[in-house]
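Participant: Please find the sequence and the predicted model below.
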Amino acid sequence: MCGIAGILHRRGDSADPSAIRTMTDAMAHRGPDSDGFFVENNIALGHRRLSIIDLSSAANQPFADHSGRYVMVFNGEMYNYEEVKRQLPDYPFRTTSDTEVLLAAYIKWGPDCLRFFRGMYAFVIWDRQEEVLFMARDKMGVKPFYYFLDDNKFLFASEIRAILSNRQVEKKLDSTAILEYFRYQSVTGSSSIIAGIRQLEAGTWMKVSKAGVEKKVYWDLIGEVKQADYGDVKQVQRQIRQLMLQSIERRLVSDVPVGAFLSGGIDSSAVVGLMAEASPARPNTFNIFFEEKEYDESEYADIIAKKFNTVHTRILLQPSVFLDELHNALQALDTPSGDGINTYVVSKAIRRQGVTVALSGVGGDELFAGYPFFNQYLQLQKNRALWKIPPFLRRGLAGFLPGNTGKADRIKQLLSLSSPSIGNVYPVFRQLLSPELLQQLIPPSSQQGNVNTLQRDLLDRAEQMSRLPLLSQVSAAEYMGYTQNTLLKDTDQMSMAVSLEVREPFFDQDLVEYVMGVPDRLKKPSYPKSLLVESLKPMLPDEIVFRKKQGFLFPWELWLKNDLRSFCTQRLDNMAQRSFVNGPELMKYWQRFLAGDARTRWGELWLFVVLEYWLEKNCIS
C-alpha cells in the first residue's frame, strides 16, 4: 500500500523535481518506509512506500523494467501475482514483488493484462519510447486515483491534497459536487469536491499522450454478473464458501504479519474463521472494547477468538477518545466526509499494536443483504400497483401522512416518484439532506444546473439493472453509491492516514460476480445474512448470528450540544458566510437543534461543520 503521484507536461516543458517531491510529501503518511522519484524531460513520477511484499529496496518505486523502457508507480496489492507470474516465464524477474509482475504483465499483454489481476490497485506506467502514460484503477474502486488535466499538464495522485500542493491548480469548489456532498456525504462518480480534479472511475483505464486522452471501462459490475446455475441451494452455498475461502487466502499474501478487525459480528467473525482455516498460523485478531456496556461488543469477539484460537488483543477505548482524536481525524480527511471518525480511531489503535496489514469484514452487508433497505425494497416491489395511481392522487395521499419526521418525509418522496425502480428509490433512501432541507439551506443561485449525479447514473443503467435479481439491484446501487464513494473512500483515507493497509475480502471480484447472480429466493435473509451463514455452517455460533446488531452508536447529538458546541458554532458561523449557503437559515437550523427540535438531526449539521473545517484546512475560499 502506497501513495503515488506524477506530473506530465503535455507541451514538452521540463518537469520540476521539487514539484513532485512536494506532492509526495503531502502523502508521506501513506508510505513511511521509503520515497522515490523518476524525473526525465517532461515527466516526473513520485512514490511513497509502505512495504508489504518483498521488503527489500530492490522493490522500491518508481520501478523500471529490465530494459529501462517502462517506469511504473503502483499503489495497492495484486493478490494473485504468483499465479500471473507463472504465465510470464520469459520475463527476467529481479525481485519477488507483485510490482514487477504487474509491470511485466502490461509489457506482454498491454491493457488486456487487467483481466488477469485480482487485487486492489491504482497504477501508472510511463512508456519512455512512445511517450505514453497508461493508468488503471481496480475493479471495485478500493484504491483512489485523482487527476487534473488541462492543455498544459496532467497531474495525478492517490490523494487530492497532493494535487492541491501544486500551485498551478486553482483551489475552486465544484458547485455540483457540493450538492452531492450534502445529499450523500460524499461526491459521486468521476467528480471531486474541487473543480477540475477528477476521479478515475473504478474498472477503468486511461492513456495520456501527445495524441490526446483515451479512456475505457475494462470491467463493469453490472455487466460481469455470473450466469451460473443457481438451482441447487447446497451447490450455491458450497460455491460461496469456496469463493470466500479463496478471497481470504488471496488476502493473506504478505511478507509482514496480517491481523484482522474482530468486532464479534457476522462479517468479521466469518473472516477470522476462514483465516484460521486458510493458514496454519494462528490469526492475529484485534477488538476495540469499552467499559460502557451500551457500546461494548467484546464478549462476542471473545467467543470467536476462543473458538478459532486466535492471538487476540483487546484494546480499551474510552468514548472520550473519539472527542480527543477529533481534530486528528479531521486533519486526516483528504476529502470531506460525514463519516469516517470511527475508522480513524480504530485504525490508529490497531496500528499502535505494530500491525501494518489488517483484514476487515466491511462489505458483507452490501453483498449479503444485511441492511434493512434490502427488505424494504422488496416490499416496495410487491406494492408496485401504488405507482399506477395518478401522480396527483399519490401526492395527495402523501399529504395525509402525519408529522415531519425523516421517515414520513421519505415516504412522501417515494410516493411522488414516477416508479419504484432502484434508480428512483435508492437515492431517496441514501440521502442525508432531503430536497426540502437543501432548498432551505442552499440558495437557488447555488443550485442552478443542479444534477443528482447518483440518480442520473443509476437511471442510465436502468435496463441492465432490471436484469438483476431485486436484492442484487440494491447491491449494485450500493456499490455505485455509498459503498464506493463513502465506505471504501473513508476506509482508505482514514486507515492510510496512520499507515495501516486494510484488505476487504467481501470485495473480491470473483465472489462479487457470483453472489450478485444469486436469485432472491436464496439470498432473501430468513435471519441476518442467512445465505452467508448457511454457506459457512457450522462455522459461526448462534450467539454471534442471532445477537442484536450494535456497532459504534456514540452520543454525537449530546456531544454537539455540549463538548463540541463551541467548535461547531465557530465552523457554522464561518460556513454561514459562504456564498453557496443560506447563512441565516443555517444558523436558525442550528439554534433549533440546540433547543431540542426533534425535526433536526445532528448528522445534517455535522456535514456543514466537516466541510467548513476541510475548506479552512486547505485554504479554499
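Facilitator: Perfect, I can see it now.
Participant: List the buried residues in the lengthiest helix in the chain.
Facilitator: Counting by DSSP state H, the longest helix found in the chain is helix 233-251. Of the residues in helix 233-251, 236-237, 239-241, 243-251 count as buried by neighbour count, 16 or more other CB atoms under 10 Å. The way it works is simple: take the backbone N, C-alpha and C, and place the C-beta from them, glycine included.
Participant: ok, then the element right after it?
Facilitator: strand 258-261 (DSSP states H and E).
Participant: about what we covered before: which strands or helices does the longest helix of the chain pack on?
Facilitator: In terms of contacts (3 or more CB pairs under 8 Å, 6 or more residues apart in numbering; DSSP states H and E), helix 233-251 is packed against helix 266-278, helix 509-515, helix 530-536.
Participant: Tell me the first helix or strand C-terminal of the second one.
Facilitator: Yep, that's helix 509-515 we're talking about. Next along from helix 509-515, by DSSP H and E: helix 520-523.
Participant: What of the longest one?
Facilitator: Sequence-wise, the next helix or strand beyond helix 266-278 is strand 284-289, with elements assigned using DSSP H and E.
Participant: about what we covered before: tell me the mean pLDDT for the longest helix of the chain?
Facilitator: Averaged across helix 233-251, the pLDDT comes to 97.
Participant: Return the helix or strand in the chain with minimum mean pLDDT.
Facilitator: Within the chain, no helix or strand scores below helix 391-399, which has a mean of 72 by mean pLDDT, DSSP states H and E.
Participant: That helix: what's the following helix or strand?
Facilitator: With DSSP H and E, the next secondary element past helix 391-399 is helix 406-415.
Participant: Pull out the buried positions in that next one.
Facilitator: Going by 16+ other CB under 10 Å, helix 406-415 has these buried residues: 409, 412-415.
Participant: quick check: angle from the next helix or strand after that helix to helix 406-415?
Facilitator: Per DSSP H and E, helix 406-415 leads on to helix 422-430 as the next helix or strand towards the C-terminus. Here the directions of helix 422-430 and helix 406-415 differ by 170 degrees (axes from the mean of the first three to the mean of the last three CA atoms, to 10 degrees).
Participant: And helix 422-430, what does it pack against?
Facilitator: helix 175-184, helix 372-382, helix 406-415, helix 453-460, helix 462-466, helix 470-478.
Participant: Go through those helices and find the least confident stretch.
Facilitator: helix 406-415 (a mean of 80).
Participant: Three-state assignment for residue 129, please.
Facilitator: coil (DSSP: H, G, I helix; E, B strand; the rest coil).
Participant: Show the contacting residues for the closest residue to it other than its chain neighbours.
Facilitator: Spatial nearest neighbour of residue 129, excluding adjacent residues (CB to CB, 6 or more residues apart in numbering): residue 69 at 5.3 Å. By CB atoms under 8 Å, 6 or more residues apart in numbering, residue 69 lies in contact with 127-129.
Participant: Hey, what's the angle from the longest helix of the chain to helix 266-278? Just curious.
Facilitator: Using the same axes, to 10 degrees: helix 233-251 against helix 266-278 is 70 degrees.
Participant: So which residues of the stretch 51-200 of the chain form helices?
Facilitator: Secondary structure of the stretch 51-200 of the chain (DSSP state H, counting those that start in this stretch): helices at 81-85, 98-109, 160-164, 175-184.
Participant: quick one: contacts for residue 435?
Facilitator: So residue 435 contacts residue 413 (CB under 8 Å, 6+ apart).
Participant: how much space is there between it and residue 479?
Facilitator: 24 Å (CB to CB, to the nearest Å).
Participant: got any ranges where the chain has weak pLDDT?
Facilitator: Within the chain, the stretches with pLDDT under 70 are 1, 53-55, 395, 397-406, 449, 550-553.
Participant: Domain map for it?
Facilitator: Domains of the chain are assigned by automatic domain parsing as 2-219, 223-368+477-545, 372-465, 556-617.
Participant: Serialize those to CSV and add fields for distance to residue 471.
Facilitator: Below are these laid out as CSV (distance: least, CB to CB, whole Å):
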stretch, distance to residue 471
domain 2-219, 19
domain 223-368+477-545, 5
domain 372-465, 6
domain 556-617, 27
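Participant: Isn't residue 95 up against residue 61?
Facilitator: No: if you go by CB atoms under 8 Å, residue 95 and residue 61 don't touch, sitting 10.9 Å apart.
Participant: Who has more neighbours out of the two?
Facilitator: Comparing residue 95 with residue 61 by neighbour count (other CB atoms under 10 Å), the higher total belongs to residue 61, at 27 against 16.
Participant: need the contact list for that one.
Facilitator: Taking CB under 8 Å, 6+ apart, one finds 2, 4, 36, 47, 49, 72-74, 99 in contact with residue 61.
Participant: With residue 549 instead?
Facilitator: Neighbours of residue 549 in contact, by CB under 8 Å, 6+ apart: 265, 528.
Participant: Would you list the strands that the helix or strand encompassing residue 207 pairs with, along with their directions?
Facilitator: Element membership for residue 207 (DSSP H and E) is strand 204-209. In the sheet, strand 204-209 lines up against strand 132-137 (antiparallel), strand 212-217 (antiparallel) (DSSP bridges).
Participant: Contacts for it, please.
Facilitator: Counting by CB under 8 Å, 6+ apart, 8, 10, 111, 114, 130-137, 149, 154, 200, 213-218 sit against strand 204-209.
Participant: go again using 10 Å as the cut-off
Facilitator: With CB atoms under 10 Å, 6 or more residues apart in numbering as the test, strand 204-209 has contacts from 6, 8, 10, 110-111, 113-114, 123-127, 130-139, 141, 145, 147, 149, 154, 156, 190, 198, 200, 213-220.
Participant: I'd like the distance from it to the chain centre, please.
Facilitator: 22 Å (CA atoms, centre = their mean, to the nearest Å).
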